[in-house]
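Enquirer: any chance you could fold what I've pasted below:
(one chain, ligands or ions: 1)
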Amino acid sequence: MTSRSTSPGKIILFGEHVVVYGRPALAVPVTQVHADVEVSDSSRAGIWINAPDVNLHAELNTLPSDHPLASVIHNFLFLWRVSPFPNLEITITSTIPVASGLGSGAAVTVALTRALVSHLDRLMTDEEINGFAYEIEKLHHGTPSGIDNTVVTYATPVYFIKGKPIETFKVGTPFTIVISDTGISAPTKESVGDVRKLWEADIPKWESVFDRVGKIAEEARKNIESGKWELLGKLMDQNHTLLQEMTVSSPELDRLVSAARNAGAMGAKLSGGGRGGNMIALVEPERAEEVSSALMAAGAKRTLITTVS
Ligand code: PMV
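Expert: Numbering: from 1, shown residues only. The predicted model follows:
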């Protein structure tokens, strides 16, 4: 028997960084990219992990315990007190670019956990999967807000406030965004740490900046729910300016943001941890290809056109 699970990528629309400080953020799944996991019984002894994308073919116990894939499996087996260990073949593939703000780590964790749950006949609710994935995120990312694992687990648009019950929301009228990758991989941990240093040096100033971003995220949610997506462009531009103030943009991100606007996007901003990774641009559907080409011409490594619905 083979058990399979798939999880989407994600993109943060508004509120990255301030979400770490209790302000709201909006994130949506990106289903064109996904992580896929297959678990089947094995005739050879051990738990064999095959991840061809990263050229990994190894038995679980030969991997360091803090290896991202090994830590999911170890924690899962520990959580469920699985003993003795079953003999398994686990194959993991993903089309989600790594370290670029598209949630690849969370997607692999969630898909792997769900495939193990089903193969080993356990039961976990979405809430439990989400909680487990959050613990894994914490092992690798320091103090994550939990937005990545949440949107990936529920695979639906999420209005996220750290420590509050999960709020999903409906998209009144579908809208189109172009996601564009700088090709620069930038650790979120560093940009989050740098924002913390700024905040510690002048708490009143940054609290008020974070409040402004929080208001932008709230207004964006209202506009998305009521189908007034064209109002999001201005909010993206405002959010990007405040992210620049937080020092998490970069020349490459700014170049792509300008290129998108010049090519007719209604607004654009960096998305995720910043300093590299992805930016997003709001476009009228008929302009998407044009904006995408302009982004490639401005140095993007790849672009993805997605409909948020
Ligand atoms: O780089 P990403 O997409 O994983 O997003 C990080 C989002 C931050 O708000 C910067 C950090 C967090 O944990 O929420």
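Enquirer: up against the ligand, what does the protein have?
Expert: Within the chain, the positions near the ligand by C-beta under 6 Å from any ligand atom are 12, 16-17, 19-20, 101, 144-145, 147-148, 188, 192, 272-273, 277. (C-beta placed from N, C-alpha, C; glycine too.)
Enquirer: let's see that with 8 Å instead.
Expert: Taking C-beta under 8 Å from any ligand atom as the criterion, the chain approaches the ligand at residues 10-12, 15-20, 25, 100-103, 105-106, 137, 141, 143-148, 162, 188, 191-192, 195, 248, 271-274, 277-278.
Enquirer: buried ones in stretch 66-82, by neighbour count?
Expert: Neighbour counts over stretch 66-82 (16 or more other C-beta atoms under 10 Å) mark His67, Pro68, Leu69, Ala70, Ser71, Val72, Ile73, His74, Asn75, Phe76, Leu77 as buried.
Enquirer: below-threshold pLDDT in the stretch 151-300 of the chain: ranges please.
Expert: Counting by pLDDT under 70, the stretch 151-300 of the chain contains no low-confidence segment.
Enquirer: thinking again about what came up before, please pick the buried ones from the residues of the chain next to the ligand.
Expert: Counted by 16+ other C-beta under 10 Å, the residues of the chain next to the ligand give 10-12, 15-20, 25, 100-103, 105-106, 137, 141, 144-148, 162, 188, 191-192, 195, 248, 271-274, 277-278 as buried.
Enquirer: quick one: furthest residue from the center of this structure?
Expert: Ser43 (35.7 Å; C-alpha atoms, centre = their mean).
Enquirer: can you pull the contacts of the nearest residue to it once chain neighbours are set aside?
Expert: Closest residue to Ser43 apart from its sequence neighbours, by C-beta to C-beta, 6 or more residues apart in numbering: Asn87 at 7.3 Å. Counting by C-beta atoms under 8 Å, 6 or more residues apart in numbering, Asn87 touches Asp41, Ser42, Ser43, Arg44, Ala45, Gly46, Ile47.
Enquirer: that older thread, of the buried residues of stretch 66-82, closest to the ligand?
Expert: Pro68 (13.7 Å; C-beta to the nearest ligand atom).
Enquirer: how far away is that closest one from Arg275?
Expert: Distance of Pro68 to Arg275, computed by C-beta to C-beta, to the nearest Å: 21 Å.
Enquirer: so where do the strands sit in the chain?
Expert: Per DSSP state E, the chain carries strands over the ranges 2-14, 25-41, 47-51, 56-59, 88-94, 158-160, 167-168, 175-181, 267-271, 278-283, 302-308.
Enquirer: hey, what's the angle from the third one to strand 88-94? Just curious.
Expert: Using axes from the mean of the first three to the mean of the last three C-alpha atoms, to 10 degrees, one finds that strand 47-51 and strand 88-94 are set 20 degrees apart in direction.
Enquirer: list the helices and strands strand 47-51 packs on?
Expert: strand 56-59, helix 68-79, strand 88-94 (3 or more C-beta pairs under 8 Å, 6 or more residues apart in numbering; DSSP states H and E).
Enquirer: buried sites along that strand?
Expert: In strand 47-51, the ones that count as buried by 16+ other C-beta under 10 Å are Ile47, Trp48, Ile49, Ala51.
Enquirer: chain neighbours aside, what residue packs nearest to the closest residue to the ligand within the stretch 151-300 of the chain?
Expert: At 2.9 Å from the ligand, Gly272 is the closest residue in the stretch 151-300 of the chain, using C-beta to the nearest ligand atom. Nearest residue to Gly272, sequence neighbours excluded (C-beta to C-beta, 6+ apart): Gly101, at 2.4 Å.
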